[in-house]
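# Pasting a predicted model and its sequence here:
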Amino acid sequence: MNTIQAAWQSYQDQVVPKDAPKTQITETRRAFYAGCQTILGITYAIGDDSISEDAGVQMIETLHQECELFLKGIRNGVN
C-alpha cells in the first residue's frame, strides 16, 4: 500500500459493508482521509527541529498506546 487511496480501497473492501449506502461510504471515506491528515500533521510536527528525538519517540509511543487502547476497547465491545 503506497497511497492513501490504496489504503482506503483496502479498508473499504474489508470493513465497509458491501450494501452500504452511498452516504455511508462518502462519510466513512471523509473520516478515513481526515484521520490520515491528522496523523500526517502530527508526523510533520514530530519532525520539527524544535522537537528532540527523545520527545518525538515519546510522542509516537503515546500515539501507539492510544491506538492499542482503542483496539482493546473494540475487542471488548466498548468502542
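That came in fine, so what should we check first? Numbering: from 1, shown residues only.

# Dihedrals phi and psi, the spatially most central residue of the chain?
In the chain, the centroid-proximal residue (CA atoms, centre = their mean) is residue 35; its distance is 4.7 Å. The phi and psi torsions at residue 35 (degrees, to the nearest 10) take the values phi -60, psi -40.

# quick one: it from residue 67, how far?
Relative to residue 67, residue 35 is positioned 11 Å away (criterion: CB to CB, to the nearest Å). All C-beta atoms are positioned from the backbone trio N, CA, C, and that covers glycine.

# so who does residue 36 touch?
Residues touching residue 36, when contacts are defined by CB atoms under 8 Å, 6 or more residues apart in numbering, comprise 4, 7.

# Residue 76 versus that one, what's the distance?
Applying CB to CB, the value for residue 36 to residue 76 is 26 Å.

# quick one: contacts of stretch 14-31?
8, 12.

# next one: stretch 65-74
residue 79.

# what helix or strand does residue 77 sit in?
Residue 77 belongs to no helix or strand when elements are defined using DSSP states H and E.
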